[in-house]
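**Student:** This is a predicted model, with the sequence first.
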Amino acid sequence: MKLRLLKFKSVKSTNDVALMLIKRDNIKPSIILSERQTKGRGTMGKKWISKKGNLFLSIFFDMSKKKIDFKKFAIINAYLLKSVLAKKFSNKIKIKWPNDLLFKKKKICGILQETVINAGKQFLIVGIGINTNLDPKNRSFPSTSLKNITNKNIDNKKLFIMIKKNYEKLLFKVNKNSFSELKKFTQKI
């Protein structure tokens, strides 16, 4: 399934843009990319510190006819992103269930899943924040960046393309495969 790409210089939150589009019946499966977020969100009302130079995106799609539910998508999202980052940057990246990726106990990626119902259909929004080139200082948890791991500047555009392609492959398979098959797929990316 192809994802429509919507690019922004700055938004409050990429998930907020997805929510707005769905509420306006603009429901074509999409991926929202922004260079900056002014009010990035994490789980349970926490703030996601969004430093310009890092990667911020949200994916949304209709999941009312999907074989798997919201909770299982949380597992699949974590495995997919871990696989992409581990393959490209370090196999020492670990999942902190259900929504963070860590390197040596420091956060490099946060995942925020939300659902919204519009016109009788349920939509899943997957917000992804990756510390690619900068590691925000946060009192509640230590963080790092992919740049710190590799000692190289990270090309956000290349990483974004990898993530987009793998989500498109996943969404193509999601109606045809079981949860265990999808889990295996995401672990082998």
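**Tutor:** Noted; the coordinates are in hand.

**Student:** From now on I want contacts and neighbour counts done on CA atoms only, so please keep to that.
**Tutor:** Will do.

**Student:** Other residues contacting the lowest-mean-pLDDT helix or strand in the chain?
**Tutor:** Lowest mean confidence among the helices and strands of the chain (mean pLDDT, DSSP states H and E): helix 179-187, at a mean of 90. By CA atoms under 8 Å, 6 or more residues apart in numbering, the residues outside helix 179-187 that reach it are 67-68, 72, 75-76, 79-80, 83, 170, 173-174.

**Student:** can you redo the residues you listed as a markdown table with secondary structure, pLDDT and neighbour count?
**Tutor:** A markdown table is the format used below for the contacts of helix 179-187 (DSSP: H, G, I helix; E, B strand; the rest coil; pLDDT from 0 to 100; neighbours: other CA atoms under 10 Å):
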| residue | secondary structure | pLDDT | neighbour count |
| --- | --- | --- | --- |
| 67 | coil | 75 | 12 |
| 68 | coil | 82 | 16 |
| 72 | helix | 91 | 13 |
| 75 | helix | 93 | 17 |
| 76 | helix | 94 | 21 |
| 79 | helix | 95 | 23 |
| 80 | helix | 96 | 23 |
| 83 | helix | 96 | 22 |
| 170 | helix | 94 | 20 |
| 173 | helix | 91 | 15 |
| 174 | coil | 88 | 20 |
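
**Student:** Widest-spaced pair of these?
**Tutor:** The most widely separated members of those, counting by CA to CA, are 67 and 83 (22.4 Å).
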